[in-house]
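Participant: coordinates only, sequence not included:
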């Protein structure tokens, strides 16, 4: 895989989505990522119930060689899918799983695009904070390669120009304040949630993308304590 900078990845993702959408690009606020995969990249999408021992695995890009363990007719079996087939965990088809499904598809599209020089089977895995991982598991989950793939997946699902347009629509172009490392006003959280819904992604995914693209403005935590909580330096109500 060629190594790209984050700026290069964001530019490539934007260019690919603009090319896919054509004249409709500036009028679109939510990428049809399934259409991008099937119509633009020509990658078929199938939904199956995964039977892998690693329950973090919810997406798969087939290489035509590596088997995927799925449930067929009620029993687990190994299946080899044609090269370039995206296989998604069937439970993600539920309406309340739309954000996870769309990000998983964009992740597999990113694998296809970033690994074109060295085609290989690739899984999309989600980190489970309650699970005990081996050292090898951590290497796989948090490898530099997967970090770049995730960035490309985000660039496809939330391209720069589209995020900018949505941010401007919500009058947030001047920056959304974050106090300290992570404290935010309830009104700002609501605006982020509304923008995330417009783009068809989760709150957490959109928040990460806003941070990546520089739309979060860091402010001192003391400012939140004083102005939002109304407490003076000695803890008394102002």
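Facilitator: Good, I have the coordinates. Keep in mind that what you see is a predicted model, and the values were worked out from it rather than measured.

Participant: so what are the domain limits for the protein?
Facilitator: According to automatic domain parsing, the chain comprises the domains 1-157, 160-238.

Participant: Which of those has the lowest mean pLDDT?
Facilitator: The weakest mean pLDDT among the domains of the chain belongs to domain 1-157, with a mean of 86.

Participant: Show the contacting residues for residue 93.
Facilitator: 47, 101 (Cβ atoms under 8 Å, 6 or more residues apart in numbering). The way it works is simple: take the backbone N, C-alpha and C, and place the C-beta from them, glycine included.

Participant: same deal with the one 10 residues further on?
Facilitator: Each residue near residue 103 by Cβ under 8 Å, 6+ apart is listed here: 153, 157, 201-202, 205.

Participant: one more time with 6 Å, if that's ok
Facilitator: By Cβ atoms under 6 Å, 6 or more residues apart in numbering, the contact set of residue 103 is residue 205.

Participant: What is the three-state secondary structure of it?
Facilitator: Assigned state for residue 103: helix (three-state reduction, DSSP: H, G, I helix; E, B strand; the rest coil).

Participant: So it versus residue 173, what's the distance?
Facilitator: Relative to residue 173, residue 103 is positioned 25 Å away (Cβ to Cβ, to the nearest Å).

Participant: just residue 78 next, same as before
Facilitator: With distances taken as Cβ to Cβ, residue 78 is found 51 Å from residue 173.

Participant: In the chain, mark out all the helices, start to finish.
Facilitator: In the chain, the helices defined using DSSP state H lie at 6-21, 33-35, 98-114, 135-141, 144-157, 160-169, 186-199, 203-212, 221-223.

Participant: deepest of these, which one?
Facilitator: Stretch with highest mean neighbour count among these: helix 98-114 (a mean of 23; mean count of other Cβ atoms under 10 Å).

Participant: between it and helix 203-212, how many degrees?
Facilitator: Orientation of helix 98-114 against helix 203-212 (axes from the mean of the first three to the mean of the last three Cα atoms, to 10 degrees) gives an angle of 50 degrees.

Participant: Report the distance from helix 98-114 to the chain centre.
Facilitator: On the basis of Cα atoms, centre = their mean, to the nearest Å, helix 98-114 is displaced by 7 Å from the centre of the chain it belongs to.

Participant: Repeat that for stretch 151-167.
Facilitator: Centre-to-centre, stretch 151-167 and its host chain are 10 Å apart (Cα atoms, centre = their mean).

Participant: what about it, start to end distance?
Facilitator: One end of stretch 151-167 to the other measures 19 Å (Cα to Cα, to the nearest Å).

Participant: That concludes my questions; thank you for your assistance.
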